[in-house]
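Enquirer: 3D, please:
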Amino acid sequence: MAVGAERKLVKALRQALSQGPIPQEDLLTALRQTGVRTDSSGLYIACATHGLADLREDTWIPRGWAAPVAEATPAIPRQRPLESPTARRAAVEIRDIASSIGIPMDEPTPPAGPVPAAWPGIAAQAGRALQEELRAVTDRRTLQDVPVSGGFVVAETTSRTLMRFEAEGDLGVSEGAQATLVVEGTPIDVEVVSVFGDVLTLSVPPAAAVPEKAVLRCDLSWLLSAQSKRLRELADGGPGFNAEAAAALLNAGRAAVPDDLPAVRAAHLNQGQRHAVQLALTPGVTWLWGPPGTGKTTTIGTLVAELCVRGLRVLLTAPTNAAVDVAVKAVLKEIPELAGGGLVRLGQPSDTALVGRADGHVLIDEIAAKRGAILARRRVQEGQLVRDLRQRLKALQRRHANLNDEDQQERLTLERGVAEATAVIRELDEALHQVRRQVCREAEVVAATSHQVVLRTLRELTFDVVILDEASMTTTALAMLVAGMGDGHTIIAGDFRQLPPVVVADTPSAQEWLLKSPFEKAAVDLAVGGKSPPGRLAALTEQYRMRNDINRVVSEAFYPESPLVTAQNVSSRPRHSRADWAGGELVLLDTSQLGARTARKQGMSSRYNLMHVQLVAGLVTDPDGDVSSLGVISPFAAQASLLESLLPDPDQEDWAASTVHRFQGGERDIVVYDTVDTGLGVRPLHRWFTEGEPGGTGARLLNVAASRARDHLVVIAALDQLHRHRTSRDAVSLFFAKLLERGRIVGVAEALDNVSVTRRVTHDITALLGDDLANAGSVEMWLPRAPLVGLKPLIPALKLIAEQDVDTEPVTVWVEPDPDGYLSAEAMAAKRGGVNIRPCTPILESSAVIDDVVWTSTRSLLGPDPGTVLRTRHAAFADAVRRAQRRRPGIAPGSGQLGDDCGRCARTLVRFEVGRRGLPTVGYGCLHCDTSSRRSHRPGNRDGLDLAGGNQHR
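Expert: Presented below is the predicted three-dimensional model:
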C-alpha cells in the first residue's frame with residue numbers, strides 16, 4: 001500500500017474507532033463512506049501494525065478502550081446519508097419505482113421458529129469451534145497474495161464477468177471466497193468461483209479490463225467470520241430461523257419412518273432411488289447415502305420435481321459451485337419450465353452453460369437485471385455522474401493552491417453533487433438488493449452454495465424443504481445454519497465414505513463440529529458400520545459409472561456393509577477411450593524399483609514427485625492412443641499442478657488434472673491416480689497412506705480417486721512402501737490387495753517402451769547434459785551430497801549461460817554440503833569458475849531444468865552413480881517444475897540469486913530446510929560457525945490439502 005493511502009486509511013480508522021468497539025462489517029462500511037477502500041485483510045494488517053484495535057470474535061475493540069459506566073453497550077458510529085432535498089426526492093422516487101415493479105422496500109420481519117432448550121448450548125459449542133478455526137487460519141495466514149497471469153474472459157452475465165487465470169503460487173483459498181484482484185495498484189473486488197490445480201476462475205465486475213498479470217489478495221477468514229457471527233446472532237433463535245430444525249440434524253436415530261410412503265411415478269429410477277424419493281417427500285430429516293455412480297444427482301432432481309408438484313418451496317444447497325451447478329442441471333432436466341424465474345441460482349456458476357441460457361435464465365443476476373432494469377439503468381447513470389464529477393474535482397485538485405473564489409464555489413458545487421449522487425446510489429443499491437431478495441421469495445427453487453445462507457441475500461428467507469447435497473464435505477456447524485432455514489423437512493445427501501471437510505484447527509471443538517460432517521455428528525456412519533442403520537436412511541446401491549472390476553475393488557474395500565452392484569447396461573456400454581497403457585479395467589504401475597524421490601514445492605509446502613510425472617507424460621502423449629476422456633489426479637496440490645502442465649489443451653473439458661479433493665463429483669473414461677509418496681525424500685509417508693481404517697481420511701481419499709473411473713483405472717504407486725510393508729488389514733490395505741489380485745501390473749520399463757517424450761538415460765549422461773546446455777538460456781540444478789564428478793566438464797557451458805544475462809542470474813546450481821559446511825571439490829571449482837553455486841541442506845530433489853528439458857535421477861544426478869535417470873522434453877512441464885522448485889527470496893536468498901559467504905570462516909552460507917514438528921523450517925547461516933544460533937522462520941503450510949505435513953529429514 002502506498003504511504004499516502006496508508007495514512008488516509010489509518011486516519012479514517014482512528015476516527016471510526018474513536019467512539020468504541022464496532023463490528024467489522026460496520027467498520028468497513030464506515031471506511032467506504034469516507035472514500036477509503038480496503039478489505040478485512042487490509043483492515044487486520046492496519047489495525048495490528050499501528051496498534052489501533054484488536055479483533056475479538058467479529059468486533060474491533062480499540063486499544064485501551066473501556067466501556068463507559070453509564071452504558072451497557074458502546075455506541076457504534078454510523079454516518080447518515082446526506083439528507084439534502086435533492087437526495088430525499090431521489091429516495092422517494094426510487095421507492096416509487098421499486099413499488100411499481102412489485103419490489104417492497106420495507107420487508108416484514110418473519111417470525112422466529114421454535115427454539116429447543118439444548119439449542120443455545122449447541123450454538124455456543126459450534127461457534128467456539130468456528131472461532132478456534134478462525135484463530136488457526138489467522139495464525140497460518142489471514143492474508144495471502146498470489147501472482148496470477150494469462151487472464152482471459154470465459155463468460156459474461158449482465159452484472160459480472162468470469163475470468164480465468166493461472167496462479168503462480170500456492171492457493172490456500174477455497175471457492176466462494178471474497179478476494180481482491182490488484183491490477184497495477186488498483187484493487188478490484190472479486191469472488192473465487194472455482195480452483196482447479198493452478199487454474200482459477202474469478203467473478204469480476206463487468207467493466208474490469210482483462211489483465212495479463214495481476215495479484216490476487218485472498219482473505220482466508222471471512223467465511224468463518226460470517227458463520228461465527230451468524231451463530232452468535234441465532235444463539236436464542238431469530239427471525240426466519242428454525243432452531244429446532246437445525247438441532248434435528250444431531251439426532252439421526254430418533255425419527256420414525258411413516259407407515260405409508262407417498263406414491264412416486266418415476267420409471268427412470270431404480271427401486272432404491274424411488275424409495276429414497278418417497279422417504280424424502282415425508283417431513284423430518286432424511287439421510288440420502290449416495291456412493292459414487294449410484295445416481296444421487298438424478299434422485300435429487302426427481303425429488304425436487306416432486307416437491308414442486310406438491311407446491312413446496314425448496315432451498316437446494318451444496319458446498320461448492322460445481323456441485324450446485326450439477327444439481328441445478330438435474331432439476332432443469334426434470335422440470336425445464338422452472339427456468340425464467342421458477343428456479344434461481346445464486347452466486348457465480350463454474351459451469352458456463354448456465355450463463356445466458358437461451359431456454360430461460362436461471363442466474364439471479366440475469367433474472368434480477370431484467371426485473372429491475374429501470375433501477376439498473378438509473379444506477380449506471382448515477383455511477384457515470386459520480387465519475388464525471390470526480391474527474392472535474394481532480395482537475396481542480398491539481399491546482400489547489402491557486403483557486404480563486406469562483407473555483408472554490410465550483411469545488412463546493414461539485415462536492416455537493418458527489419455527495420448527493422452517492423446518497424442516490426446507496427438508495428439504488430438497496431433497491432437492487434431488494435430486487436434480488438424478491439426474486440428469491442418468488443422462486444419455487446433457490447439454489448446456492450451452503451455458505452450463502454449467512455450472507456445478506458438469503459438472510460431470514462424461509463423455505464418449506466431444505467436439501468443439502470455433498471453433505472460429507474460440509475461442516476456440521478454450517479449444515480445446521482442451512483437446515484434452520486426450513487421448517488424441519490430436511491434432506492441430507494452425500495457419501496460419508498468420501499472426503500470430509502478440510503479443517504486447520506486440531507482442537508477438540510473444531511474436530512467435533514467442523515471436521516465431522518452431519519453424517520458423522522449424527523453417528524449415521526457408526527450405525528451403518530454396526531449394521532443397524534437409521535430408519536430414515538435411504539442407501540443407494542446400484543451404480544452406473546464403474547466397470548465391474550473397478551466397482552468390485554471399490555465396493556469390497558470401502559462399502560462392505562452396503563455392497564455396490566453394477567447396473568446391467570454398464571458391461572455393454574461402448575468404450576470411447578482406448579490406449580495400450582490402459583489395456584485393462586485395473587492397471588497398476590508399480591514404481592517400487594524406480595526409487596523415485598518425493599520433495600516439497602519450493603522446499604516448504606505440498607509434496608511432488610517428478611519421476612512419477614515423467615512417467616505420466618509418456619502415457620498421455622502416446623501418439624497411438626485414442627483418449628477422449630481422461631482424468632489425471634493426485635492427493636497433493638503441487639503434483640496436480642505438474643500433472644496439469646502435461647495436458648495438451650487446458651480448456652479441453654474432457655481432459656482434466658486436479659487434486660482428488662477438487663475432482664470429487666467428477667468422472668472420466670480413464671483415470672490415472674498418482675499417489676506421489678514413495679518414502680524416499682520427504683519422510684515419513686503421509687498419514688493418508690499410513691492410516692487406512694474404514695471411514696478415515698486415507699480410505700476416503702483413495703475411494704474418491706478410484707471411483708472417478710468409468711472404464712479404466714490406472715494407479716501409479718510404490719507398492720513396497722504403500723502396501724507391502726503394511727501390518728494392518730484396513731480399507732487401504734484391502735484396496736491394494738484387491739487391485740493386485742484383479743489388476744494388470746506394469747513395470748517402469750514397460751511403461752517407457754515406445755515413449756518419445758520421456759526416456760531413460762543409461763549412458764553418456766554428462767555428454768547429453770552438455771548438449772542440452774549448449775543453446776540454453778536458463779538452468780537450475782538440485783544435486784544431493786555426493787562427489788559431483790559430472791559437474792566439472794559442464795562448468796564452461798554453465799559459465800557461458802550465466803555470462804549471457806548477468807542481470808538475472810540464469811544459472812543456479814544447488815548443492816548439498818557436508819555436515820561441517822564444506823562443499824565438494826567439484827562444487828568449489830565451479831564456484832571459482834563463475835558458476836552460481838548455492839548450498840542447501842537437505843536436498844530432497846535430484847534434478848535439472850534446462851530450458852524445456854527436465855532431468856531427474858534417483859541419486860545425485862552428477863554423482864559417480866546417479867541411479868535411474870529420466871529425461872523429459874516438454875516446455876510446459878519444465879516451466880511448471882521451475883515454479884515448483886524455485887526458492888523465493890526472504891530470510892535466505894532464493895533461486896536466481898547469489899549466495900553470501902560467512903564473514904568469519906569464508907564458507908558459503910547455507911540455506912536450511914529442516915523439518916520440525918511436521919512442518920519445514922527455513923534458515924540461513926554457516927554450518928561451521930553458527931549452527932547453534934541460526935536465524936529461522938517457519939511459514940504456514942500453503943497447500944490447503946497437505947496439512948499434516950511430514951518430517952523433512954532424509
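
Enquirer: confidence score at Pro108?
Expert: Note on Pro108: pLDDT of 85.

Enquirer: That one in helix, strand or coil?
Expert: coil (DSSP: H, G, I helix; E, B strand; the rest coil).

Enquirer: need the contact list for it.
Expert: By Cβ atoms under 8 Å, 6 or more residues apart in numbering, no residues touch Pro108. For the C-beta atoms, the positions are set from N, CA and C on the backbone; glycine is no exception.

Enquirer: gap between it and Ile101?
Expert: Distance, Pro108 to Ile101, using Cβ to Cβ, to the nearest Å: 19 Å.

Enquirer: cool, and Leu898?
Expert: For Leu898, the distance to Ile101 - Cβ to Cβ - is 67 Å.

Enquirer: what about the two, which has more around it?
Expert: Taking neighbours as other Cβ atoms under 10 Å, Leu898 and Ile101 compare with Ile101 leading, 14 against 11.

Enquirer: Can you give me the pLDDT of the more buried one?
Expert: At Ile101, pLDDT is 90.

Enquirer: Ala66 too?
Expert: With respect to pLDDT, Ala66 scores 53.

Enquirer: what's the answer for Leu701, then?
Expert: 94.

Enquirer: For it, list the residues it contacts.
Expert: So, once contact is read as Cβ under 8 Å, 6+ apart, Leu701 ends up touching Leu499, Pro635, Val660, His661, Trp688.

Enquirer: closest to Arg545 among those residues?
Expert: Val660 (16.1 Å; Cβ to Cβ).

Enquirer: what about the closest one, how many neighbours?
Expert: Counted with other Cβ under 10 Å, the neighbours of Val660 add up to 24.

Enquirer: Ile801 touches Met781, doesn't it?
Expert: No - in this structure Ile801 lies outside contact range of Met781 using Cβ atoms under 8 Å: 11.7 Å.

Enquirer: quick one, phi psi at Leu739?
Expert: Dihedral pair for Leu739: phi -60, psi -40, per degrees, to the nearest 10.

Enquirer: Please determine how far it is located from Val732.
Expert: Separation of Leu739 from Val732 (Cβ to Cβ) stands at 11 Å.

Enquirer: Need the single longest helix in this protein, by residues.
Expert: Longest helix of the chain, by residue count under DSSP state H: helix 405-442.

Enquirer: That one - contacts with which helices or strands?
Expert: With contacts taken as 3 or more Cβ pairs under 8 Å, 6 or more residues apart in numbering; DSSP states H and E, helix 405-442 sits against helix 85-100, helix 364-371, helix 373-397.

Enquirer: now it against helix 364-371, angle please.
Expert: For helix 405-442 against helix 364-371, the angle by axes from the mean of the first three to the mean of the last three Cα atoms, to 10 degrees is 110 degrees.

Enquirer: Would you tell me which of the helices and strands packed on helix 405-442 gets closest to Trp119?
Expert: Nearest to Trp119 among those is helix 364-371 (30.7 Å), distances taken as Cβ to Cβ.

Enquirer: Just the C-alpha atoms of that closest one, please, in CSV.
Expert: Taking Å, rounded to 0.1, in the frame of the first residue of the first chain, the C-alpha atoms of helix 364-371 are listed here in CSV:
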residue,chain,number,x,y,z
ILE,A,364,-30.1,-14.4,-10.2
ASP,A,365,-28.0,-11.6,-11.7
GLU,A,366,-29.7,-12.2,-15.1
ILE,A,367,-33.2,-12.5,-13.7
ALA,A,368,-32.8,-9.5,-11.4
ALA,A,369,-31.4,-7.4,-14.1
LYS,A,370,-34.5,-7.9,-16.2
ARG,A,371,-36.9,-7.4,-13.3
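
Enquirer: Please list the residues outside it that contact it.
Expert: The contact list for helix 364-371 (Cβ under 8 Å, 6+ apart) reads 101, 103, 157-160, 340-341, 344-347, 355-356, 361, 376, 432, 435-436, 438-440, 457.

Enquirer: okay, the angle between it and helix 373-397?
Expert: Going by the same axes, to 10 degrees, helix 364-371 makes 100 degrees with helix 373-397.

Enquirer: For Asp649, which residues are in contact?
Expert: Trp655.

Enquirer: What separation do you get for it and Met828?
Expert: Counting by Cβ to Cβ, the gap from Asp649 to Met828 is 47 Å.

Enquirer: now do Pro111
Expert: Pro111 sits 81 Å away from Met828, going by Cβ to Cβ.

Enquirer: Also Pro623?
Expert: Computed as Cβ to Cβ, the Pro623 to Met828 distance reads 46 Å.

Enquirer: More neighbours: the two, which one.
Expert: Per other Cβ under 10 Å, whichever of Pro623 and Met828 has more neighbours is Met828, with 14 against 8.

Enquirer: Let me see the contact set for that one.
Expert: With contact set as Cβ under 8 Å, 6+ apart, Met828 has these partners: Ile837.

Enquirer: That one - that's part of a strand, no?
Expert: No - assignment of Met828 by three-state DSSP gives helix, placing it outside any strand.

Enquirer: Model confidence for it, exactly?
Expert: Reading off the model, Met828 has pLDDT 94.

Enquirer: Selecting buried members of the contacts of helix 364-371 in PyMOL, what would you type?
Expert: To isolate the buried ones among those in PyMOL, judged by 16 or more other Cβ atoms under 10 Å, type:
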select buried, resi 103+157+158+159+160+341+344+345+346+347+355+361+376+432+435+436+438+439+440+457
